[in-house]
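Undergrad: Just a sequence and a predicted model for now, questions to come.
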Amino acid sequence: LVREFGVIRETFLAEFWRHLLLSFSSATLAILPGVLLGYLCWRRPRVREWILGAVNVFQVAPTLSLLGLLMIPLTFLALTFPALAAVGIRGVGFAPAFIVLFLYCLLPITANALAGFTQVDRDILDSATAMGMEERQILARIAFPLALPLIFSGIRTALTQNIGNTILAGLIGGGGMGALIFLGLSQSATDLVILGTLPVVVLALGADSILHWFENKLRTRMGVSNDPMDGRI
């Protein structure tokens, strides 16, 4: 493994940073729309099934299928608007991988945001309304802070699974550690496969542990505890 790493050191580091960029940026970009969709599901029960159904489609559909489907419209856009192709938006490469990973992050963030808002004690919200607080104030000062630990838990889940899913970007030229893994598989090079796999495993476990530590700190700071037997915050 050490000898193999010495041979592909520059390629390894380049793909590793690309893996980080692809997984973390797509998950980060999904935070705001995911939380907003969760809040909308909470405030507008009539559209809840439609929103959850839409984001669930992306989660249920196989990743490779979504990548294949996105290649068609992105290729058409690249051919129609050369300026988009010039900035990297085309049927293969970074763009389709980024979009698919972004869509996969929406469900855990949206579902956890909905659960967080739903578990806020209704009596607290009624008291805030009776005190004359507006809806925006209730959201910013009460509902969101109390729901934040569960929202953060959804972000942790989305990022952890995203780090693993990013491997598939290597199949369409998106780079990342998947490029090394699939190259090693095609050449029956076990060392190369292991070199591509180990960083992903360590990165996923490390990110999950760090975010879990922050989540516990956040719960303590907010004075929030989730009791599964109670079902309320």
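TA: It's in. Numbering: from 1, shown residues only.

Undergrad: show me where this structure has helices.
TA: In the chain, helices defined by DSSP state H lie at 2-7, 9-29, 31-43, 48-60, 63-80, 82-86, 94-118, 122-130, 135-138, 144-165, 177-186, 190-222, listed in chain order.

Undergrad: Identify, out of those, the most deeply packed stretch.
TA: For the helices of the chain, the largest average neighbour count (mean count of other CB atoms under 10 Å) is found in helix 94-118, namely a mean of 24. Bear in mind the C-beta positions are built from the backbone N, C-alpha and C, glycine included.

Undergrad: If you average pLDDT per helix and strand, which one of this protein comes out bottom?
TA: helix 82-86 (a mean of 79; mean pLDDT, DSSP states H and E).

Undergrad: Let me have the helices of the chain in a markdown table, extended by distance to residue 171.
TA: Output for the helices of the chain, formatted as a markdown table (distance: least, CB to CB, whole Å):
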| stretch | distance to residue 171 |
| --- | --- |
| helix 2-7 | 22 |
| helix 9-29 | 13 |
| helix 31-43 | 26 |
| helix 48-60 | 18 |
| helix 63-80 | 7 |
| helix 82-86 | 20 |
| helix 94-118 | 9 |
| helix 122-130 | 47 |
| helix 135-138 | 45 |
| helix 144-165 | 12 |
| helix 177-186 | 6 |
| helix 190-222 | 13 |
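
Undergrad: got the contact list for residue 155?
TA: The contact partners of residue 155, taken as CB atoms under 8 Å, 6 or more residues apart in numbering, are 27, 31, 108-109, 112, 211.

Undergrad: any idea how far residue 40 is from it?
TA: Distance from residue 155 to residue 40, counting by CB to CB, to the nearest Å: 18 Å.

Undergrad: picking that back up, mind checking how far the least confident helix or strand of the chain is from the chain centre?
TA: Between the mean C-alpha point of helix 82-86 and the mean C-alpha point of its chain there is a distance of 27 Å (CA atoms, centre = their mean, to the nearest Å).

Undergrad: can you list contacts of that helix?
TA: With CB under 8 Å, 6+ apart as the test, helix 82-86 has contacts from 77-79, 90.

Undergrad: Let me have those residues in JSON lines, extended by pLDDT and distance to residue 98.
TA: Output for the contacts of helix 82-86, formatted as JSON lines (pLDDT from 0 to 100; distance: CB to CB, whole Å):
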{"residue": "77", "pLDDT": "83", "distance to residue 98": "14"}
{"residue": "78", "pLDDT": "82", "distance to residue 98": "15"}
{"residue": "79", "pLDDT": "85", "distance to residue 98": "20"}
{"residue": "90", "pLDDT": "80", "distance to residue 98": "12"}
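
Undergrad: Tell me the one among those nearest to residue 127.
TA: Out of the contacts of helix 82-86, the one with the shortest distance to residue 127 is residue 77. That distance is 51.0 Å, counting by CB to CB.

Undergrad: from what I can see the closest one touches residue 89, true?
TA: Yes. The criterion here is CB atoms under 8 Å, and residue 77 meets it with residue 89 at 6.5 Å.
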